[in-house]
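Chemist: can't give you the sequence, but here's the structure:
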């Protein structure tokens, strides 16, 4: 009888295809694991769900540990496998801009995701591109669905979304994908797989890691249309062409490059972003947050 494993993501998008594919393409099933998949809801905290055993593995970011660490919390979950090595947000414009420059944001209205890490990364990328943030009319519409609805209703010159939302805007003739935040800034430890230390060292943890390693290699090497077909049921309302376009762009960016281990230099770049944005007060040791994937 398959052993159950609970997988949760803090966000749901094609950006997390390496993790989604562990379920959608059957890799967990091959390891004898029967998985559930859920999205973190408002008011829930990943570290509490993991500590209680309600969730086994979570998609999050190394930065999710730093706030609790600065508040004095201990026995936190650890990050043991990277998902993404670049920011996965795109900028979509209401009008086609073949020669888009980031300075085009100045003097215009911009529906931006105000989540902690997404906003920190966006502002860091804007600085890297020489943009004067104070010259942008930045709009906050809350959750991703409200942002999408606002842009579709005619508000904002630009919108900031993870794939496949902006690719669906293009599919519907509502917007045009003009830039990638990830390509506008250095590679970074953006997303990773998080679990309690006991899980990482367990047989279930090793089985999950085997499945995840195969899935991550698969999404790097497989045609985007094939990945999209496998994941389509996870994206109701999204056109197959839009989902495939998002996956292909992530592949082209090298979003899922590298080994499973989280590189120290990408961890340090994430620290740099959070420190420059004033989100944390000190550098937190890599070894306090990250462990190697289990053998």
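Modeler: Arrived safely. A quick note: this is a predicted structure, and the numbers were derived from the prediction, not measured.
Chemist: and the strands in the stretch 151-295 of the chain?
Modeler: Taking DSSP state E, counting those that start in this stretch, the strands of the stretch 151-295 of the chain run over residues 158-162, 176-180, 191-195.
Chemist: list the contacts of the last one.
Modeler: The contact list for strand 191-195 (Cβ atoms under 8 Å, 6 or more residues apart in numbering) reads 15-16, 19, 46, 50, 56-62, 64, 77-84, 88, 205, 212, 262, 290. For glycine as for every other residue, the C-beta is placed from the backbone atoms N, C-alpha and C.
Chemist: roughly how far apart are residue 163 and residue 88?
Modeler: In this view, residue 163 and residue 88 are 7 Å apart by Cβ to Cβ, to the nearest Å.
Chemist: so which bits of the lengthiest helix in the chain are buried?
Modeler: The helix spanning the most residues in the chain, taking DSSP state H as the definition, is helix 203-221. Applying a neighbour-count criterion of 16 or more other Cβ atoms under 10 Å, one finds 204-205, 207-216, 218-220 buried in helix 203-221.
Chemist: ditto for stretch 273-283
Modeler: The neighbour-count check on stretch 273-283 (16+ other Cβ under 10 Å) flags 273, 274, 277, 279, 280 as buried.
Chemist: turn these into CSV, columns for pLDDT and distance to residue 197.
Modeler: As requested, the buried residues of stretch 273-283 are exported to CSV (pLDDT from 0 to 100; distance: Cβ to Cβ, whole Å):
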residue, pLDDT, distance to residue 197
273, 97, 26
274, 97, 23
277, 96, 29
279, 96, 25
280, 96, 22
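Chemist: follow-up on the earlier one: just how off-centre is the longest helix of the chain within its chain?
Modeler: Taking Cα atoms, centre = their mean, to the nearest Å, one finds helix 203-221 lying 17 Å from the centre of the chain it belongs to.
Chemist: kindly report the same for stretch 17-24.
Modeler: So, by Cα atoms, centre = their mean, the centroid of stretch 17-24 is 13 Å from its chain's centroid.
Chemist: ok, now stretch 99-114?
Modeler: Here stretch 99-114 is found 21 Å from its chain centre; the criterion is Cα atoms, centre = their mean.
Chemist: give me the contacts around it.
Modeler: Stretch 99-114 is contacted from outside by 89, 91, 93, 97, 118-119, 122, 125-126, 129-132, 135-142, 144, 147, 150-151, 155-161, 178-179, 184, using Cβ under 8 Å, 6+ apart.
Chemist: so of these, which ones are in helices?
Modeler: Using DSSP H, those in helices are 118, 119, 122, 125, 126, 144, 147, 150, 151.
Chemist: between which two of the residues you listed is the distance greatest?
Modeler: The span of the ones in helices among the contacts of stretch 99-114, defined through Cβ to Cβ, is set by 125 and 150 at 21.9 Å.
Chemist: the two: who's more crowded?
Modeler: A count of neighbours by other Cβ atoms under 10 Å puts residue 125 above the other of residue 125 and residue 150, at 23 against 16.
Chemist: what residues are up against the more buried one?
Modeler: Residue 125 is in contact with 87, 102, 181, 184, 185, counting by Cβ under 8 Å, 6+ apart.
Chemist: buried residues in stretch 11-28, which are they?
Modeler: By neighbour count on 16+ other Cβ under 10 Å, the buried set for stretch 11-28 is 11-25, 27-28.
Chemist: brain fart, stretch 134-151
Modeler: 136, 138, 139, 141, 144, 147, 148, 150, 151.
Chemist: export those to a markdown table and tack on pLDDT?
Modeler: Conversion of the buried residues of stretch 134-151 to a markdown table gives the following (pLDDT from 0 to 100):
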| residue | pLDDT |
| --- | --- |
| 136 | 98 |
| 138 | 97 |
| 139 | 98 |
| 141 | 96 |
| 144 | 94 |
| 147 | 97 |
| 148 | 97 |
| 150 | 98 |
| 151 | 98 |
